[in-house]
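**Q** no sequence on hand, only this structure:
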């Protein structure tokens, strides 16, 4: 099981004062988790973010996402989700191309997406 495989897969993830707890079996693909959690927060990414740009910018810029589990696994599935907004968790969902792209971007709140 691998994580952060692919060109720039986890580049700047959790950087600039942001954080991501654990990344397990996740973030595989070109820029899959690039800048995810940068200046923001993601609790954990588990078996998720599989695909090119799948979770790029998720939880960035003061965004806050709980655990992403078994989710966001297609092209740009959760790209920019939770950007400056809050998502409780993403569980067993958002597994189609562009499926939750930009969810709660630029503020707002969602409890759990499942």
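**A** It's in. It should be emphasised that the depicted structure is a prediction, and the values quoted were computed from it without experimental measurement.

**Q** would you work out how far apart the start and end of stretch 52-59 are?
**A** With C-alpha to C-alpha, to the nearest Å applied, stretch 52-59 spans 17 Å between its terminal residues.

**Q** contacts for it next, please.
**A** Outside stretch 52-59, the residues that touch it by C-beta atoms under 8 Å, 6 or more residues apart in numbering are 6, 18, 20, 27, 29-38, 40-42, 45, 48-49, 65, 68, 72-83, 87. From N, CA and C alone the C-beta is placed, and that goes for glycine too.

**Q** which residues does residue 44 form a beta bridge with?
**A** Residues found in beta-bridge contact with residue 44 (criterion: DSSP bridges) are residue 22.

**Q** which ones are touching it?
**A** Under the contact definition (C-beta under 8 Å, 6+ apart), the residues listed for residue 44 are 20-24, 67-69.

**Q** next: residue 114.
**A** 89-93.

**Q** roughly how far apart are it and residue 23?
**A** Taking C-beta to C-beta, to the nearest Å as the criterion, residue 114 is separated from residue 23 by 20 Å.

**Q** measure stretch 80-99 end to end?
**A** Distances were taken as C-alpha to C-alpha; on that basis the terminal residues of stretch 80-99 are 11 Å apart.

**Q** check stretch 86-100 too.
**A** 14 Å.

**Q** show me what it is in contact with.
**A** Residues outside stretch 86-100 that contact it (C-beta under 8 Å, 6+ apart) are 48, 59, 63-79, 81, 103-104, 108-114.

**Q** tell me the buried residues in that stretch?
**A** Neighbour-count burial for stretch 86-100, with 16 or more other C-beta atoms under 10 Å as criterion, is recorded at 86-91, 93-95, 99-100.
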